[in-house]
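In: no FASTA, just this:
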Ligand code: ADP
Ligand code: GLC
């Protein structure tokens with residue numbers, strides 16, 4: 001049996017701020033169903049303690065030494081759907097109101113990575129492969145090589161998956177010794193050096209056996225100056241070991257025919273009525289004018305420039321001049337939040353902004369809207385548009401990264417497609433396609449319904465990508 005340890009900074013069903021958690025919550029499950037022994041390590045955040053503590057079992061406390069860090073960690077365990085989860089507890093580092101964004105993030109995630117590796121001693125289980133994700137775990141391949149004089153560590157193979165190249169974990173060079181206990185020569189020889197500091201992301205790219213990212217298009221984009229975040233030259237050196245594997249979603253958790261959070265369940269045989277009922281119910285819930293015939297645009301997103309949010313703000317007036325309603329769920333940059341508040345205040349009954357994170361409402365928006373707006377400036381994969389497809393809401397996306405790989409634009413001549421797309425970063429182009437989509441909604445019902453059927457038939461599961469990950473694991 002192949003054994004794989006996933007180490008990540010967030011994962012469902014325990015804690016989520018974005019799509020990384022969706023992946024960590026679904027890919028291991030798929031692999032377990034295929035006969036793998038997959039285990040996952042996460043930090044024990046306050047958010048997990050608040051919601052899931054009774055499911056966790058404490059089994060050990062050890063002293064973690066990493067550079068000058070000398071702190072105790074307690075380990076907790078839980079088994080969900082055959083996936084074994086381990087948690088690293090440290091009150092000072094992880095029991096805080098947010099997951100990230102602290103001045104000591106470098107120290108926190110140095111500790112986490114070392115504790116995740118020391119766990120293997122404690123449970124006396126050494127996987128064939130460690131699969132790490134994003135900068136928070138990028139030092140692990142090098143740590144296995146440089147911090148342990150034990151073949152069981154040295155022999156492990158490493159996959160490093162980039163979910164978002166923009167977040168790199170760049171820190172002062174001194175941290176290499178002080179927080180990680182790694183020899184200085186890895187800085188001087190350039191391996192982990194980035195400008196005058198160190199980069200966890202770069203280290204993952206350099207030391208993993210294979211590097212992956214979450215769509216084929218993004219795997220090509222990150223080799224360019226435009227999307228490479230100054231790591232494109234490093235990535236080019238690993239080009240032959242770089243795989244782009246598009247994410248899937250958990251099609252059991254996200255299933256309009258069984259979803260208990262919806263006003264009405266539906267599938268491809270009754271989606272017209274089903275989506276209508278969900279729209280009416282959503283309009284009532286959020287205080288929008290109740291109108292089953294109006295085109296409802298949905299947005300569920302972190303509100304940050306990456307997501308093309310300011311392009312949307314530029315087009316508020318034009319969008320609302322169309323005969324549409326607009327529902328927005330998200331939080332993030334203050335400027336964006338203020339803009340969406342303004343939208344709601346100025347278009348009462350037609351636009352609503354729920355500021356915050358709300359899993360339940362997200363389900364109802366995916367089900368109730370007609371068009372799901374996701375005009376990201378870059379998008380490594382994107383989970384939002386996959387869920388939208390699954391719920392028969394047509395994604396309207398910019399052709400970048402995973403959006404380009406998963407959304408096929410409507411071809412009015414053939415009826416092909418499962419959404420709408422545009423290419424440029426200019427917000428007028430986004431608006432023009434949105435306007436065109438609304439024309440299809442109102443004046444080409446047959447075409448629009450064909451798209452919904454295509455969306456509902458789109459394969460957004462892990463089936464194919466699960467095969468690719470298996471092939472990848474096999475290759476090393
Ligand atoms: P990213 O990880 O870059 O934020 P993705 O599209 O990959 O973008 O994943 C976002 C995930 O987070 C999706 O599952 C989406 O439904 C969810 N999400 C984003 N914002 C919210 C929110 N405010 N409330 C509930 N779910 C949200
Ligand atoms: C990151 C990316 C997003 C991707 C997710 C899961 O958050 O921004 O595009 O879907 O990771 O891989």
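Out: Cool, the structure landed. Just so you know, these numbers come straight off a predicted model, no measurement behind them. Ligands and ions are numbered 1, 2, ... in the order given.
In: and residue 262, how far from residue 61?
Out: 44 Å (C-beta to C-beta, to the nearest Å). Placement of C-beta: from N, CA and C, glycine included.
In: and the two? Which one has more around it.
Out: Higher neighbour count among residue 262 and residue 61: residue 262, with 23 against 11, using other C-beta atoms under 10 Å.
In: who's in contact with the more buried one?
Out: 256, 278, 363, 364, 367 (C-beta atoms under 8 Å, 6 or more residues apart in numbering).
In: how much space separates the closest residue to ligand 1 within the stretch 151-300 of the chain from residue 70?
Out: Per C-beta to the nearest ligand atom, residue 300 is where the stretch 151-300 of the chain lies closest to ligand 1, at 4.7 Å. Remark: distance between residue 300 and residue 70 (C-beta to C-beta) = 43 Å.
In: repeat that for residue 276.
Out: 61 Å.
In: who has more neighbours, those two?
Out: Higher neighbour count among residue 276 and residue 70: residue 276, with 15 against 9, using other C-beta under 10 Å.
In: which residue, other than its chain neighbours, is closest to that one?
Out: residue 292 (5.1 Å; C-beta to C-beta, 6 or more residues apart in numbering).
In: tell me, how many residues neighbour the one residue in the stretch 151-300 of the chain that gets nearest to ligand 2?
Out: Proximity of the stretch 151-300 of the chain to ligand 2 (C-beta to the nearest ligand atom) peaks at residue 163, 3.3 Å away. Residues contacting residue 163 under the criterion other C-beta under 10 Å number 22.
In: report pLDDT for it.
Out: On the pLDDT scale, residue 163 is placed at 98.
In: thinking it is in contact with residue 211, fair?
Out: No - counting by C-beta atoms under 8 Å, residue 163 stays clear of residue 211, with 12.0 Å between them.
In: where do the helices of the stretch 301-450 of the chain begin and end?
Out: Assignment of helices within the stretch 301-450 of the chain using DSSP state H, counting those that start in this stretch yields the ranges 309-314, 316-321, 334-346, 359-368, 384-390, 401-406, 427-443, 445-457.
In: got it, and the stretch 101-250 of the chain?
Out: Taking DSSP H, counting those that start in this stretch to define them, one finds helices in the stretch 101-250 of the chain at 105-123, 140-146, 151-154, 175-178, 185-188, 200-207, 216-221, 232-237.
In: show the pLDDT at the closest residue to residue 428 other than its chain neighbours.
Out: Nearest non-adjacent residue to residue 428, counting by C-beta to C-beta, 6+ apart: residue 315, 7.7 Å away. The model reports residue 315 with a pLDDT of 98.
In: right, and residue 315 touches residue 427 too?
Out: Yes - Residue 315 lies in contact with residue 427 (C-beta under 8 Å); the separation is 5.0 Å.
In: now the residue in the stretch 1-150 of the chain that ligand 2 sits nearest to: how far from residue 30?
Out: Across the stretch 1-150 of the chain, no residue is closer to ligand 2 than residue 19, which sits at 2.9 Å (C-beta to the nearest ligand atom). Going from residue 19 to residue 30 by C-beta to C-beta gives 16 Å.
In: between these two, which one's more packed in?
Out: The residue with more neighbours, out of residue 19 and residue 30, is residue 19; 24 against 21, by other C-beta under 10 Å.
In: who's in contact with the more buried one?
Out: Counting by C-beta under 8 Å, 6+ apart, residue 19 has contacts 163, 247, 381, 382, 383, 384.
In: now, these that are in strands?
Out: Among those, DSSP state E puts none in strands.
In: ok so, going back, just the helices of the stretch 301-450 of the chain: most buried one?
Out: Of all those, helix 384-390 carries the top mean neighbour count, a mean of 27, counting by mean count of other C-beta atoms under 10 Å.
In: who's the residue nearest to residue 365 when sequence neighbours are not counted bridged to?
Out: Distance criterion C-beta to C-beta, 6+ apart; nearest residue to residue 365, sequence neighbours excluded, is residue 298 at 4.6 Å. Using DSSP bridges, the bridge partners assigned to residue 298 are residue 327, residue 372.
In: isn't residue 298 right up against residue 371?
Out: Yes - Residue 298 is within contact range of residue 371, at 7.2 Å (criterion: C-beta under 8 Å).
In: quickly list what's touching both of those two.
Out: With C-beta under 8 Å, 6+ apart, residue 298 and residue 371 have common neighbours residue 393.
In: comparing these two, which residue is more hemmed in?
Out: It is residue 298, of residue 298 and residue 371, that has more neighbours when counted by other C-beta under 10 Å, with 28 against 25.
In: ok, that one - contacts?
Out: Here residue 298 is in contact with 327, 328, 329, 365, 366, 368, 369, 371, 372, 373, 388, 393 (C-beta under 8 Å, 6+ apart).
In: contacts only, for residue 297.
Out: 319, 324, 325, 326, 327, 369, 370, 371, 372, 373, 434.
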